[in-house]
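Chemist: Requesting a structural model of the entry that follows:
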Amino acid sequence: MMSCFYRWNNALIISIATVFLISATLCGAAVPPLELMAVSDAVRVFEDGYGFTNNQSQVQEINVFGLRSETISAQCVVRAGRDLPKLTATLTPLKKAGSNAQIPVENLTWRFVTDILVLTNTPRMWVSDLTRPAPARFPDCLSEDRQCAVTNGALKAIYLTLRIPADAEPGEYRGSLKASSDGAAATLPITLNVYPLTMPEQRHLLVVEWMSTRHFKKFHGVESEQSDRYWQILRAYAKNMVEHRHNTFKIGLSLIKTTVDEKGNYNLDFSEFDRYAQVFWETGLMDAMETGFVARHVPGGWSSPEIKIYDFFTVYNKADGKAQKVPGEAFLAKFLPLFVNHLREKKWLDKTLFHICDEPANHNITHWRKASEFVHRHAPELRRIDAIETPHCLDRLEVWVPKLDHLSTWQGAFEEAQRRGNELWFYTVGIYQGGALMNKTVDVPLIDTRLMHWLNYRYQLKGYLHWGFNAWTDDPWEAPGLHRGDGWHVYPKQDGLLDSLCWEQMRDGLQDYECLWLLEDKIRQIAASLSPQVAKMIEPARRGQEIASRVVRSYTDFSRDPQILYAARRQAIEETLAMDAAPRIILQTFPPEHSVMARNCAIDVHGWVEPGTQLKINGGKTAVPVADDGSFFARAHPSRTTGIVEFEAENAKGERKTFTRSFRLQTSP
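Modeler: Okay, here's the model as predicted:
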């Protein structure tokens, strides 16, 4: 049976836990024409008020925190007490008290949240994992309109994006947002706490969204792939991706033109391939490139028992320019070595991930292995990657990307592949995913998108793949189709893209990942200064994984409460800062914090502390012995009632640290 760790029931999922609205009518007072209140950025607010909770108090301030060079999200809601035909908003700079420091309005953005129509809910989902029954309109798109109309009694969410400068002074900044329409107005204070840490520019998790240029004509008015406008739009896509911390892009081999001479020698024209790739490399923030896809399921698509290399590829005769078809294996045997040489010359080889065939499964894995082995035989330098629905890829794959439901179900098999040195990612496809797992369709809790990267850190996965960056229907707002918004993270506009709630939350989750990584990196730096024997027993990622387990205990056991996520994020930041304060200490336990353990059993305690420091456990009078190199080993019993172990470290100067570790005690045999 699935654990119910912090899983909200349906009513709580769809409600806004951090928002409390005073119902003026209950008090006999006149309804104000415009009410403005803060809500979590990690929830969807429905315009018709579905699931919106009326309580006896009201959150009257946006209160957020972050790091220098980080982009922070926030959200507030307008409730109309009468028709508001021209609702708009304005922001003030965020100013630090007692200082000239401020975050200018140019770094602050507000956008109205608009919705899309979903006629039926995502299949295979538990009812408790859906935010509301369909048909309904689900908030997702972030509009750039500076004005909108809100009818009497309706809600309108306003989404805020706060970009903290790299040189921002640490401390508390204050400002406000004002919403107004035709003489009605309300103001909401904003408080931002900037910590003295910097969000790394380098990304430590590989993330890819498969994008396509096939909609460039319909939505962006691009008439030709050779036009300046084509490249303008492509650059806008690349810019948007890196702004949301995506660092891997997909590129097709069809951009490479192959000619053959009378002797059968191939010449590859990489000009279009290189130009396309360069758009993404020039952002300075792309770390990897996906390409390939040289085999397919035949016949009948995914259910086919056979996977084979494409029957033919197109080659142009050098003499007359006529196209001719070349059998797939014959083509690749010549093409792949030339392709590898080009990648090496461009210094892209180590950054390239090569797909064989999308989604092999147990019923065709033998054929997939043959295709993968063929590619490896002719291009052993290429690292192979595929989204897979099987744990039986053996040594034919370097980067394994199982679908989340398979990763959860066959966890042991995939972790064994991880131990053998294979890189492990995961991917999601909303409507084809079983189980009560995180998902991305618009009718599941918004926070799921953010939680995926807590899961990445919790299990030390190295990447995330999603199939749809802009796989729009003809009308993504009114007819989003089968995938219910999962086919895209952005919406089209004439000159580029509109962001979505899902897209913003995905970036926020990637930043959460980096907060955990910063703690890991700090521990790694300290461990590197210790003796090899002590350093060997330190696991730098262990503490971050323990904090992540506050939010994600397992693939099926996770919290959708934004406050729990925010608290864990703050803990990671503050523990990173505390690592440099005396007395310095790295403490590890077996089992890790938050594990389930039997009553009356002891935990193993070990780690390093600055020599000369006394370490006491659970208020004991006797200090734990500390070796000359700072290493210590002990055992401790969690409280029988709370499951908590208390630690106190104090050095000769009287500098002291106190902290706890918490465990879940079995309540029955």
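
Chemist: Tell me where the model's unsure across this protein.
Modeler: Within the chain, the ranges that satisfy pLDDT under 70 run 1-29, 54-58, 668-669.

Chemist: who are the neighbours of the lengthiest helix in it, in terms of helices and strands?
Modeler: Longest helix in the chain by number of residues (criterion: DSSP state H): helix 501-528. Helices and strands touching helix 501-528, by 3 or more CB pairs under 8 Å, 6 or more residues apart in numbering; DSSP states H and E, are strand 71-80, strand 136-143, strand 155-163, helix 447-458, helix 532-537, helix 542-548, helix 562-578, strand 585-590. (Each C-beta comes from the backbone N, C-alpha and C, glycine too.)

Chemist: So which of these is nearest H204?
Modeler: helix 447-458 (9.4 Å; CB to CB).

Chemist: residues contacting the nearest residue to V118 once chain neighbours are set aside?
Modeler: Among residues not flanking V118 along the chain, A134 sits closest, at 4.8 Å (CB to CB, 6 or more residues apart in numbering). A134 makes contacts with V118, L119, T120, N121, D443, as judged by CB atoms under 8 Å, 6 or more residues apart in numbering.

Chemist: if we can go back for a sec, hey, which of the helices and strands packed on helix 501-528 is tucked in deepest?
Modeler: Ranked by mean neighbour count, those are led by helix 447-458 with a mean of 26 (mean count of other CB atoms under 10 Å).

Chemist: Determine how far that one lies from the middle of the whole chain.
Modeler: Its chain's average C-alpha position is 6 Å from that of helix 447-458, according to CA atoms, centre = their mean, to the nearest Å.

Chemist: tilt between it and helix 501-528?
Modeler: For helix 447-458 against helix 501-528, the angle by axes from the mean of the first three to the mean of the last three CA atoms, to 10 degrees is 20 degrees.

Chemist: who does whichever helix or strand comes after helix 447-458 touch, helix- and strand-wise?
Modeler: Per DSSP states H and E, the first helix or strand lying C-terminal to helix 447-458 is strand 463-466. Contacts defined by 3+ CB pairs under 8 Å, 6+ apart place strand 463-466 against strand 206-209, strand 399-402, strand 423-428, helix 447-458.

Chemist: Let me see the residues that make contact with strand 463-466.
Modeler: The contact list for strand 463-466 (CB under 8 Å, 6+ apart) reads 205-210, 248, 387, 399, 401, 423, 425-428, 440, 452-453, 456, 489.

Chemist: Okay, buried residues for the helix or strand just after that strand please.
Modeler: Proceeding N to C from strand 463-466, the next assigned helix or strand is strand 491-493, under DSSP H and E. Going by neighbour count (16 or more other CB atoms under 10 Å), the buried part of strand 491-493 is Y491, P492.

Chemist: Ok, stretch 616-636 next?
Modeler: Residues of stretch 616-636 classed as buried: K616, I617, A623, V624, V626, G630, S631, F632, A634, A636 (neighbour count, 16+ other CB under 10 Å).

Chemist: Endpoint to endpoint, that stretch covers what distance?
Modeler: End-to-end distance for stretch 616-636, by CA to CA, to the nearest Å: 10 Å.

Chemist: is it true that D628 touches P611?
Modeler: Yes: D628 lies in contact with P611 (CB atoms under 8 Å); the separation is 6.4 Å.

Chemist: rewinding a little: I'd like the buried residues of stretch 616-636 laid out as JSON lines, including secondary structure.
Modeler: Shown next, in JSON lines, are those (DSSP: H, G, I helix; E, B strand; the rest coil):
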{"residue": "K616", "secondary structure": "strand"}
{"residue": "I617", "secondary structure": "strand"}
{"residue": "A623", "secondary structure": "coil"}
{"residue": "V624", "secondary structure": "strand"}
{"residue": "V626", "secondary structure": "strand"}
{"residue": "G630", "secondary structure": "coil"}
{"residue": "S631", "secondary structure": "strand"}
{"residue": "F632", "secondary structure": "strand"}
{"residue": "A634", "secondary structure": "strand"}
{"residue": "A636", "secondary structure": "strand"}
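
Chemist: how's the protein carved up into domains?
Modeler: 12-197, 206-257+268-302+331-500, 581-669 (automatic domain parsing).

Chemist: In a markdown table: those domains, plus distance to P532.
Modeler: Formatted as a markdown table, the domains of the chain follow (distance: least, CB to CB, whole Å):
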| stretch | distance to P532 |
| --- | --- |
| domain 12-197 | 29 |
| domain 206-257+268-302+331-500 | 23 |
| domain 581-669 | 10 |
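
Chemist: Ok, which of these comes nearest Q545?
Modeler: Proximity to Q545 (CB to CB) singles out domain 206-257+268-302+331-500 among the domains of the chain, at 5.8 Å.

Chemist: need the longest strand for the protein.
Modeler: Counting residues, the longest strand in the chain under DSSP state E turns out to be strand 184-198.

Chemist: Show me what it packs onto, helices and strands only.
Modeler: Using 3+ CB pairs under 8 Å, 6+ apart: strand 184-198 touches strand 34-39, strand 62-68, strand 71-80, strand 171-181, helix 562-578.

Chemist: V534 is nearest to which of the ones you listed?
Modeler: Nearest to V534, of all the helices and strands packed on strand 184-198, is helix 562-578, at 20.0 Å by CB to CB.
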